[in-house]
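> For reference, the sequence and a predicted model appear below.
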Amino acid sequence: MSEILTQMAASLASGETKVIDLTHTLDPDFPVIILPPEFGQCARFRMEEVSAYDHRGPAWKWHNLTLNEHTGTHFDAPIHWISGRDVPNGAVDEIDVKNFIGPVVVIDCSEGSAKDPDFVLTAEIILEWEKEHGPVPADSWVLMRTDWSKRKGIDYLNMAEDGPHSPGPMPDAIELLLERGIRGFGTETVGTDAGQGTHFSPPYPAHFLLHGAGKFGLQCLCNLDLLPPTGAILLATPLKIKGGTGSPLRVLALIPGEGA
Ligand code: MN
């Protein structure tokens, strides 16, 4: 028997390792991305009661669900973007499952994002972060903390006449993270890109560059303020949807707890 796994079970049982939920509740009221009207739109979460211990099913209760692959806290697979359409094993059912558990680092952009909804994560900010915490580890998830998940209602999408205003990464930040060989990039906002990311070059740099390189995305995360900058483990296991471009999922982090 593996000593590491035995120790891990003991450490989870004792609270030495804590489990943090980074997931919003799937709720019909949770906002989904809104695209310009000429494009197809993302469906919200819907739950239809099939029976509730009644004549439709006397001893059981259950629901039919309707939703987009990109509704709520969700995972983006490489084939979500045109740049990743030919990435081998780029759909959620094809990705090697070892990618669903791994190290995670958090870059705190909450202060800047509180002052400026169009705050951008730059390569310079990442290099500053590395001076304090060491290089962004290869094959790790990198999460951009903005505290955006604490926004409610219309403040979450923050739509204006010229589209949404929310923080996200600049192309040079994503390029640097790709140089570091990261596994994926995650945000608290409705997408991995800034609200105004359509005006960047390339447009939507997180989607375009990450997925083109076979990397993954996570968005609509919460509780990033509870994670340490380094040293946590992320569990992000999308549903095994055949040919799926993404999937809602439960995202968990393992962090050092009391007495660790
Ligand atoms: Mn998505």
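Nice, I can see it.
> and the residue nearest in space to the middle of the chain, what are its bridge partners?
The centroid of the chain falls nearest to residue 218 when counting by Cα atoms, centre = their mean (1.9 Å). Going by DSSP bridges, residue 218 is paired in beta bridges with residue 75, residue 186.
> Quick check: the gap between it and residue 115.
25 Å (Cβ to Cβ, to the nearest Å). (Glycine included, C-beta is placed from N, CA and C.)
> For the residue in the stretch 1-150 of the chain that the ion sits nearest to, give me its contacts.
Residue nearest to the ion within the stretch 1-150 of the chain (Cβ to the ion): residue 70, separated by 3.6 Å. With contacts defined as Cβ atoms under 8 Å, 6 or more residues apart in numbering, residue 70 is in contact with 32, 33, 42, 76, 80, 245, 246.
> which residues sit in contact with the closest residue to the last one other than its chain neighbours?
Taking Cβ to Cβ, 6 or more residues apart in numbering, and ignoring the residues beside it in sequence, residue 246 has residue 69 as its nearest neighbour in space, at 4.2 Å. Residues counted as contacts of residue 69 (Cβ under 8 Å, 6+ apart) are 241, 244, 245, 246, 247, 248.
> got JSON lines for the contacts of residue 70, with secondary structure too?
What follows is the contacts of residue 70, written out as JSON lines (DSSP: H, G, I helix; E, B strand; the rest coil):
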{"residue": "32", "secondary structure": "coil"}
{"residue": "33", "secondary structure": "coil"}
{"residue": "42", "secondary structure": "coil"}
{"residue": "76", "secondary structure": "strand"}
{"residue": "80", "secondary structure": "helix"}
{"residue": "245", "secondary structure": "coil"}
{"residue": "246", "secondary structure": "strand"}
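> May I have the secondary structure class of the nearest residue to residue 126 once chain neighbours are set aside?
Setting aside the residues directly before and after it, residue 126 is nearest to residue 176 in space (Cβ to Cβ, 6+ apart), at 5.4 Å. Three-state assignment for residue 176 (three-state DSSP): helix.
> Show me what from the stretch 101-250 of the chain comes close to the ion.
Taking Cβ under 5 Å from the ion as the test, the list of the stretch 101-250 of the chain residues beside the ion reads residue 246.
> ok and the residue in the stretch 101-250 of the chain nearest the ion?
Counting by Cβ to the ion, the stretch 101-250 of the chain gets nearest to the ion through residue 246 (4.8 Å).
> Next one: that residue from residue 84, what distance?
Applying Cβ to Cβ, the value for residue 246 to residue 84 is 11 Å.
> overlap in contacts of these two?
residue 77.
> pretty sure residue 191 is touching residue 219, no?
Yes: here residue 191 reaches residue 219: they are 5.4 Å apart, a contact under Cβ atoms under 8 Å.
> So which of those two has more stuff around it?
Each of residue 191 and residue 219 has its neighbours counted (other Cβ atoms under 10 Å); residue 219 has more, 24 against 21.
> show me the residues around that one that make contact.
73, 74, 76, 186, 187, 188, 189, 190, 191, 192.
> buried subset of the contacts of residue 70?
In the contacts of residue 70, burial by neighbour count holds for 32, 33, 42, 76, 80, 245, 246, counting by 16 or more other Cβ atoms under 10 Å.
> show me the contacts for the fifth one.
It stands for residue 80. Counted by Cβ under 8 Å, 6+ apart, residue 80 has contacts 70, 207, 211, 217, 245, 246.
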